[in-house]
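Asker: Sequence first, predicted coordinates after that:
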Amino acid sequence: MDTSNNAKILLAEKCVRDVDRLIGNIREIKREGITKLISAKIMEIKYSYGEPEDLVPYFSELKKMCSRIIEVLGAERWHQRLKEMKISELNIAHIRFCLNILYNLDTRINLPDDPAYAVDIRIGEIKSVMKHPRADKLKVCNVNVGRVVTVVTNIHDVKENEKLAVALLPPTEFFGVVSEGMFASHNIKDGNPGALPELTEEELNSIRKEVLLYLRG
């Protein structure tokens, strides 16, 4: 497997750079050099040219390092601690996105060699739909994808309990509300929240464009 040019590895590299930029100077993170250790581990994976089964020890170490960042930041309170440090909701969401990309790299590496699968794509069940407080044409949805995320959408007829594919993308702020992904399909009949949905080439292409845009940024 050509891991050196794999979009999933390239995205992981960008994510660790973003994590280092956002929290790398926090005293405990800097003292332990966690982001530098993660970067080095990804470099080992990138130039291993190994098959997925050969990379299991690398992924195991990567998961431990990501978990260590959360632990150092305050475990279950990590989100609150960053808020107290005046880190914005958008940047906190971006840290969460990047850590998930790194932590779940092992599951995506076995998926097709396609930039669309460099991010997590999950079946999501809509738990609530609200009007955007500052944009009449937008809806704010809380969606269960195995965990609850916020998706801001211009799809006007989204409904509670509906299932759609959700691409968990780099977060974007829409008029003060942070969106953690986008809906990538119409109503899904089968599958549990958090599972990998089947998508058409057109649906995958919309995700692919967003991934490549982020990699170029």
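Answerer: All right, it came through fine.

Asker: Can you tell me the centre-most residue of the chain?
Answerer: The structure's the chain has its C-alpha centroid closest to Phe97; by CA atoms, centre = their mean the separation is 3.6 Å.

Asker: What are the structural domain limits within the chain?
Answerer: The chain is divided into the following domains under automatic domain parsing: 3-109, 117-216.

Asker: Now render these as a markdown table, adding mean pLDDT.
Answerer: Formatted as a markdown table, the domains of the chain follow (pLDDT from 0 to 100):
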| stretch | mean pLDDT |
| --- | --- |
| domain 3-109 | 94 |
| domain 117-216 | 95 |
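
Asker: Distance check, the residue located most distally from the centre of the chain against Lys8.
Answerer: For the chain, the largest distance from the centre (CA atoms, centre = their mean) belongs to Asp136, which lies 27.3 Å off. For Asp136, the distance to Lys8 equals 38 Å [CB to CB, to the nearest Å]. All C-beta atoms are positioned from the backbone trio N, CA, C, and that covers glycine.

Asker: repeat for Ile121
Answerer: In terms of CB to CB, Ile121 sits 12 Å off from Lys8.

Asker: Lys86 now?
Answerer: On the measure of CB to CB, Lys86 and Lys8 end up 33 Å apart.

Asker: Phi, psi for the residue farthest from the centre of the chain please.
Answerer: When read as degrees, to the nearest 10, the backbone of Asp136 gives phi -60, psi -30.

Asker: Mind giving me the packing neighbours of the longest strand seen in the chain?
Answerer: As assigned by DSSP state E, the longest strand anywhere in the chain is strand 121-132. Counting contacts by 3 or more CB pairs under 8 Å, 6 or more residues apart in numbering; DSSP states H and E, strand 121-132 packs against strand 135-144, strand 148-153, strand 163-167.
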